[in-house]
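fold the stuff below for me.
(one chain, ligands or ions: 1)
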Amino acid sequence: MTFAASDRLGKLPPYLFAAIDAKKKAAIEKGADVISLGVGDPDLPTPSHIVEAGKKALEKAVNHQYPFGAGMMAFRRAAADWYKSRFRVDLDPASEVHALIGSKDGLTHLPLAFLNPGDTVIIPEPAYPAYNAAVILAGGVSHFVPLLEENGFLPDLESLSTRVLKKAKFLFLNYPGNPTSAVATRAFFEKVVELAKEFGFFVAHDAPYSEIFFQEPPMSFLEIPGAKDVGVEFHSCSKTYNMTGWRIGWVCGNAEIVRVLGQLKENFDSGVFQAVQEAGIAALTGPQDCVGEMRKTYQERRDLFVPALRKMGWSVITPPATFYVWARVPEGLTSARVVERLLDEAHVVCTPGNGLGPSGEGYVRFALTVPAPRLQQAVERLEKLRW
Ligand SMILES: *Cc1c(COP(=O)(O)O)cnc(C)c1O
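This next block holds a predicted model:
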């Protein structure tokens, strides 16, 4: 008997990383010491004061019941207060903040909440693959805009036709960016607000890397006057507090968008485990020196890895933010070929840029989510390769 997947699922683009995953597994099975710089998942543990708060919250029977809805008021207030102190953005916790099971929960349900069949979403690429997958699953159409190095990896939205801008229901943005590590400028965000108002689309800004920066702190999209009229921002404890496994994030901004997304989610999940929300409150309201230490750790890794790559002749931008290094592959090679050789000959895993969008061809992404000595080993193996 066969039980076929839905046509909807069949419409998803092929999973480009399947071949790499298989090769990686095979190498590990053969006993190879594989260094994985592929997945963007922090290797550092959740700070202990957050874990302790989570443990205490686990003991409370009231937390063992369905959490339901937009999240505990205390969590939403913690997120709003954090926005106020970090970005000077005012948010009403009751109507402008909604807890999420990680920001991916919100990002991927957003198209289902807003799209009718055939509706357009503008997606800058290369990008987190979940945006496009969610648009396809919701029956929408993705209109891609390239992120090019010569434009600072900001999409040239004015290059889009009036027809596309008018048709678009919303625009995904992600700064600091995965995979490019780029930080948006105020001028860019201002232009986005202006275009959204002119053409009637809204903005979904995915900002999980806002706290991983090595220069001026990146701004929130919601800092732009009028941004709240046309957009929401997705945020998460995942990267800031090494909490990817806990699944806690939030969406904030435009009350109507927040409400509609919440209305959709009511039909899918029953909220975020309250013990996890309490851990989130501890993260957002507790001491923040762990965030500075996290930054320092990634900066040390970056400053070990990037100059070493450059010395080998690679063209790499020093990432101003995130834990990703977006590197141009050696002249004349494809992303796929470089990833293959790195895996076969150095047992180093990285992500082919073209797997994140056609404009990622010619690049690979290294995630600096292993300790410095391990990165140093990766560097030594890379140095032995001759392109
Ligand atoms: C890691 C990441 C997220 C965060 O996902 P969570 O669901 O909050 O863990 C969202 N967007 C991008 C681009 C990411 O890289």
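
tally of neighbours for R328?
18 (other Cβ atoms under 10 Å). To be clear about C-beta, it is placed using only N, CA and C from the backbone, and glycine gets the same treatment.

residues contacting it?
W314, S315, V316, G362, Y363 (Cβ atoms under 8 Å, 6 or more residues apart in numbering).

any residue of the helix ranked longest in the chain up close to the ligand?
When the chain is parsed with DSSP state H, its longest helix is helix 289-311. No - judged by Cβ under 6 Å from any ligand atom, helix 289-311 stays clear of the ligand, getting no closer than 13.9 Å.

show me the helices in the protein, by range?
Going by DSSP H, the chain shows helices at 7-10, 18-29, 48-59, 73-87, 103-114, 129-137, 162-167, 186-199, 227-230, 255-265, 274-285, 289-311, 335-346, 372-383.

deepest-packed of the ones you listed, please.
Most buried of the helices of the chain, by mean neighbour count (mean count of other Cβ atoms under 10 Å): helix 274-285, with a mean of 24.

about what we covered before: in ChimeraX, how would I select the buried members of the contacts of R328?
Per 16 or more other Cβ atoms under 10 Å, the buried members of the contacts of R328 correspond to this ChimeraX selection:
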select :314,316,362,363
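
which one of the contacts of R328 is nearest the ligand?
Nearest to the ligand out of those is Y363 (Cβ to the nearest ligand atom; 16.0 Å).

ok, the spatially closest residue to the closest one that is not a sequence neighbour - contacts?
The shortest distance from Y363 to any residue other than its chain neighbours is 3.3 Å, reached at G353 (Cβ to Cβ, 6 or more residues apart in numbering). Applying Cβ under 8 Å, 6+ apart to G353 gives the contacts P126, P179, W326, V329, S335, G360, E361, G362, Y363, V364, R365.

what pLDDT does the residue of the chain found nearest the ligand get?
Nearest residue of the chain to the ligand (Cβ to the nearest ligand atom) works out as G102 at 2.7 Å. What the model reports as pLDDT for G102 is 98.

what's the separation between it and P67?
The spacing between G102 and P67, counted by Cβ to Cβ, to the nearest Å, is 14 Å.

compare the two (neighbour count), which wins?
Remark: of G102 and P67, G102 carries more neighbours, 23 against 20, as counted by other Cβ under 10 Å.

just checking, the more buried one touches G245?
No - counting by Cβ atoms under 8 Å, G245 is not a contact partner of G102; they are 9.5 Å apart.

now find how far off-centre the lowest-mean-pLDDT helix or strand in the chain is within its chain.
Within the chain, no helix or strand scores below helix 18-29, which has a mean of 87 by mean pLDDT, DSSP states H and E. Averaging C-alpha positions (Cα atoms, centre = their mean, to the nearest Å) puts helix 18-29 24 Å from its chain's average.

and that helix, what does it pack against?
Judged by 3 or more Cβ pairs under 8 Å, 6 or more residues apart in numbering; DSSP states H and E, the packing partners of helix 18-29 are helix 335-346.

so for the helix it packs on, what's the average pLDDT?
Across helix 335-346, the average pLDDT comes to 95.
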